[in-house]
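Engineer: mind looking at a prediction? Sequence and model below.
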Amino acid sequence: MSWAVVAATLLCGTARAAEVTRVVSAQGEDDKFDFNLTLWWLHQVESSFVKRESESIYSAQTEIIRDSKYTAQRDTLNLRADFGLLWDVGIHIQAPLVLSDSSSLYFDQSDGGNCVYPMPANPSAPRPTCVNSQNSQLLGEGILPFSKDATGQVNGFGINAPAGKPFPTSSNQIFQSPNRKGFQNLGIGVTWAAFNQLRDDTKPTWTLSFDALLDVFKDMGFDPANPGANTAVGPGYHQLVFSTFVSKRFRYFDPFIGAWYMLPIRTNNSIFQTYPNQTTNTPQQQAGIVAGVEQIAWENVPARQRVTIEARVSLQEFFFGRGYSELWQPLAGASNCNEQNPGNCRPNIDLQYMDGNNQVMRPYPGVTDIDPYAVIGGQLGLNVQVGRYVRFHGLFGLSAAAPHNITGTSPGIDLNGDGRVDANEPVNAAYREAIDIPGRRFRVEGTQIWSLLLEGSMMF
């Protein structure tokens with residue numbers, strides 16, 4: 001899941017009104033120029049379960065079986081500058097710096113002491129309830145590798161990118177990403193308060209914003225042949241974000257509501273490549289709504305001091321499209337997979353297709369077609385304005401995502417509109433039956449994201 005889930009909710013708004021409708025503005029003839037400098041730190045922790053559709057020997061129907069538990073953690077520091085040059089119009093620039101971003105996969109052994117593991121030598125043994133190296137789909141399908149010694153005995157499995165070697169067979173972890181860091185994007189934007197309650201108390205404060213998050217830094221990638229080589233955090237696409245918020249203060253309460261939409265524009269050299277007859281190469285679009293209230297706990301108007309308690313809820317939608325799933329790095333193929341080195345390509349996983357009369361072999365890109373899904377969350381916060389020049393803001397949140405498939409690329413282009421791809425219709429080169437056909441797709445369930453935002457502003 002994209003970290004934008006929480007970041008968009010917490011940071012989509014930054015007028016004397018609720019914090020989400022704050023806009024830096026030149027106030028009058030004696031105040032030609034306003035300037036705010038804001039520093040925030042965002043800590044996010046995510047967990048979920050990766051499962052797989054499977055035609056089990058224990059049932060005549062396709063089941064959803066366990067595979068692995070996903071965990072991730074990210075810390076981001078952002079410096080933002082706001083300039084108010086016109087009445088109720090502010091421009092801003094920001095550059096979020098990711099201090100640390102890492103993710104892990106473990107065998108799903110969530111039953112703890114009640115786990116039942118497979119016993120291959122005993123077909124009448126009880127049905128397994130947990131996962132180890134014997135029934136892991138990621139290992140069994142060859143998506144993540146087994147390491148063998150000179151005698152052919154397995155002595156390790158998976159990928160431990162920081163260590164540059166597999167995990168020992170005694171481990172319950174099968175994947176550890178490199179520790180990513182660096183600038184994520186360069187953001188520039190403008191906010192306009194069409195109405196401002198501070199100037200006209202009969203109207204609410206209504207803001208309209210546009211942000212361009214430019215992918216100008218190195219993009220993310222993963223190469224199993226050199227797993228620690230790429231530690232970048234660039235998404236591989238620009239983001240155009242449109243947002244609007246309305247707030248209206250009623251004595252001790254300041255309710256607000258808003259909405260935002262993000263349109264991605266992929267960059268030419270990113271991981272979102274185009275393959276022959278591909279049905280989509282576009283990153284997932286996103287949209288969301290936020291509603292909440294600030295309760296004014298204490299206020300000293302002449303001194304420009306106040307303390308407010310904030311509560312908000314959010315609903316976000318990820319539309320169908322290509323994206324970085326919880327498995328994007330394990331699914332990525334090695335850079336040395338090609339026609340000259342077919343042994344470096346994983347059978348049934350890495351891409352093989354015909355380009356004219358020539359067979360092409362390419363590593364699987366990692367990003368997949370992800371089904372649409374919703375995310376719901378809630379946040380509690382505290383806002384403290386110390387005086388005219390200093391303001392602090394803290395927000396703690398929890399979000400949960402609906403279960404959704406993270407693989408399921410269409411097999412090709414349906415030209416005759418009969419709802420299926422026939423043998424004489426173009427085949428999607430990015431389609432892999434091993435992970436995309438119904439009954440073999442991966443999905444994610446039980447996603448939770450905890451977040452903590454701490455922010456401080458100097459206002460001049």
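Structural biologist: Received the coordinates, thanks. Note that the structure is a prediction, hence the values are computed from the model and not measured. Residues are numbered from 1 along each chain as shown.

Engineer: where in this structure is pLDDT low?
Structural biologist: Counting by pLDDT under 70, the chain shows low-confidence ranges at 1-18, 27-32, 56-60, 121, 123.

Engineer: again, only this time at 80
Structural biologist: For the chain, residues meeting the criterion pLDDT under 80 lie at 1-19, 25-33, 55-60, 85, 120-124, 152, 355-356.

Engineer: then stretch 217-227 to PDB, C-alphas only?
Structural biologist: Output of stretch 217-227 as PDB, limited to C-alpha atoms (Å, rounded to 0.1, in the frame of the first residue of the first chain):
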ATOM      1  CA  PHE A 217      14.400  12.500  -7.600                       C
ATOM      2  CA  LYS A 218      15.500   8.900  -8.100                       C
ATOM      3  CA  ASP A 219      12.700   6.300  -8.400                       C
ATOM      4  CA  MET A 220      12.200   3.200  -6.400                       C
ATOM      5  CA  GLY A 221      13.300  -0.100  -7.800                       C
ATOM      6  CA  PHE A 222      14.300  -3.500  -6.600                       C
ATOM      7  CA  ASP A 223      16.800  -6.000  -8.100                       C
ATOM      8  CA  PRO A 224      17.200  -9.400  -6.400                       C
ATOM      9  CA  ALA A 225      20.600  -9.800  -8.100                       C
ATOM     10  CA  ASN A 226      21.700  -6.700  -6.100                       C
ATOM     11  CA  PRO A 227      19.100  -6.100  -3.400                       C
END
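
Engineer: so which bits of that stretch are buried?
Structural biologist: Applying a neighbour-count criterion of 16 or more other CB atoms under 10 Å, the buried positions in stretch 217-227 are 217, 219-224, 227. Bear in mind the C-beta positions are built from the backbone N, C-alpha and C, glycine included.

Engineer: try stretch 84-97
Structural biologist: Counting neighbours by 16+ other CB under 10 Å, one finds that the buried residues in stretch 84-97 are 84, 88-90, 92, 94-96.

Engineer: can you check stretch 122-140 too?
Structural biologist: Counting neighbours by 16+ other CB under 10 Å, one finds that the buried residues in stretch 122-140 are 128, 130-133, 135-139.

Engineer: farthest-apart pair in those, please.
Structural biologist: Based on CB to CB, the longest span within the buried residues of stretch 122-140 runs between 128 and 138 and measures 15.5 Å.

Engineer: rewinding a little: inside strands: which ones of the buried residues of stretch 84-97?
Structural biologist: In strands, defined here by DSSP state E, the members of the buried residues of stretch 84-97 are 84, 89-90, 92, 94-96.

Engineer: how about residue 133, what does it touch?
Structural biologist: Residue 133 makes contact with 107, 139, 154, 157, 169 under the criterion CB atoms under 8 Å, 6 or more residues apart in numbering.

Engineer: please report the distance of it from residue 215.
Structural biologist: Relative to residue 215, residue 133 is positioned 38 Å away (CB to CB, to the nearest Å).

Engineer: and if you look at residue 400?
Structural biologist: The spacing between residue 400 and residue 215, counted by CB to CB, is 28 Å.

Engineer: likewise residue 42?
Structural biologist: With CB to CB as the criterion, residue 42 and residue 215 are 19 Å apart.

Engineer: residue 50 too?
Structural biologist: When distances are taken as CB to CB, residue 50 and residue 215 turn out to be 27 Å apart.

Engineer: identify the residues contacting residue 50.
Structural biologist: The neighbours of residue 50, taking CB under 8 Å, 6+ apart as the test, are 67-70, 105, 108, 326-327, 406, 442-444.

Engineer: can you check residue 70 too?
Structural biologist: Residues near residue 70 by CB under 8 Å, 6+ apart: 46-50, 103-105, 326, 444.

Engineer: so where do the helices sit in this structure?
Structural biologist: According to DSSP state H, the chain carries its helices in the segments 4-11, 137-140, 328-331, 433-436.

Engineer: list the buried ones in the last one?
Structural biologist: Just to be clear, that refers to helix 433-436. So for helix 433-436, counting by 16+ other CB under 10 Å, buried means 435-436.

Engineer: tell me which residues are up against it.
Structural biologist: Among residues not part of helix 433-436, those counted as contacts by CB under 8 Å, 6+ apart are 141, 143, 331, 348-349, 368-369, 407-411, 440-442.

Engineer: repeat the analysis, applying 6 Å as the threshold.
Structural biologist: 348, 407-409 (CB atoms under 6 Å, 6 or more residues apart in numbering).

Engineer: make a ChimeraX selection of whichever of those turn out to be buried.
Structural biologist: Restricted to the buried members of the contacts of helix 433-436, where burial is judged by 16+ other CB under 10 Å, the ChimeraX selection command reads as follows:
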select :407,408,409
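
Engineer: the contacts of helix 433-436: which two are farthest apart?
Structural biologist: Of all pairs drawn from the contacts of helix 433-436, the one with the largest separation by CB to CB is 348 and 408; the distance is 16.0 Å.

Engineer: relative to residue 210, how far out is residue 315?
Structural biologist: Residue 315 sits 22 Å away from residue 210, going by CB to CB.
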